[in-house]
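A.B. asks: next come a sequence and a model predicted from it.
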Amino acid sequence: MPKFSLVATGGTFDIIHRGHITLLFNSFNIANKVIIGLTSDKFAQKKGKTLVNNYENRLKNLTTLISKEFPNSLFQISKLDNDFGPAVLEKEVQALVVSDETSSQGKILNELRLEKKIPPVEIIVVPMVLAKDGIRVSTTRVKNSEIDAEGNLLSIDP
């Protein structure tokens, strides 16, 4: 029996890697339903990200991954044009699932919810997934061909 009815998580999910899968696994493992905020192209660019995939492709890739890896899971994907999306206003959301990298967002979210007279959410921090070299798995490292999506090191020698 899951601990929560509804949790929220989010990300850009540009090139899906093991860290994303771990975040989603933890989210689905503790909740009956997960709201996933997917960063809009405009918001990603505003945050200084150079995208490989546009929003439509990222949405399709994320939906395909969830259907394959987490069949029969209830989820909703919402476009994020700011840091929080629906988690701020949905009083039914009971927890925010974040990575170490984004854990500070939880405190800010709860302050916003308090201003709106909505109960605070529990913050669930999922540790970063490390690549074989002990450095975190990230989309940037995959894009730079340092590692693959599983965190395996890619040889720089021909």
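C.D. replies: Ah, there it is. No experiment lies behind these values; they were computed from the predicted model shown.
A.B. asks: what about the longest helix in this protein?
C.D. replies: In the chain, taking DSSP state H as the definition, the longest helix is helix 55-69.
A.B. asks: and that helix, what's its mean pLDDT?
C.D. replies: Helix 55-69 shows a mean pLDDT of 98.
A.B. asks: change the start of the numbering to 575 and stick with it
C.D. replies: Sure, I'll start numbering at 575, so the last one becomes helix 629-643.
A.B. asks: what ranges does the protein have for its helices?
C.D. replies: Taking DSSP H as the test, the helices found in the chain are 592-604, 615-620, 629-643, 678-689, 713-717.
A.B. asks: and the longest helix of the chain, what's buried?
C.D. replies: Burial within helix 629-643, assessed by neighbour count using 16 or more other C-beta atoms under 10 Å, is assigned to 629, 632-633, 636, 640. For every residue, glycine as well, the C-beta is placed using N, CA and C.
A.B. asks: of all those residues, which comes closest to Thr586?
C.D. replies: Checking the buried residues of helix 629-643 against Thr586 with C-beta to C-beta, the nearest one is Arg632 at 7.2 Å.
A.B. asks: gap between the residue nearest to Gly680 when sequence neighbours are not counted and Leu633?
C.D. replies: Nearest non-adjacent residue to Gly680, counting by C-beta to C-beta, 6 or more residues apart in numbering: Ile697, 3.4 Å away. As judged by C-beta to C-beta, to the nearest Å, Ile697 and Leu633 stand 26 Å apart.
A.B. asks: okay then, goodbye and thanks.
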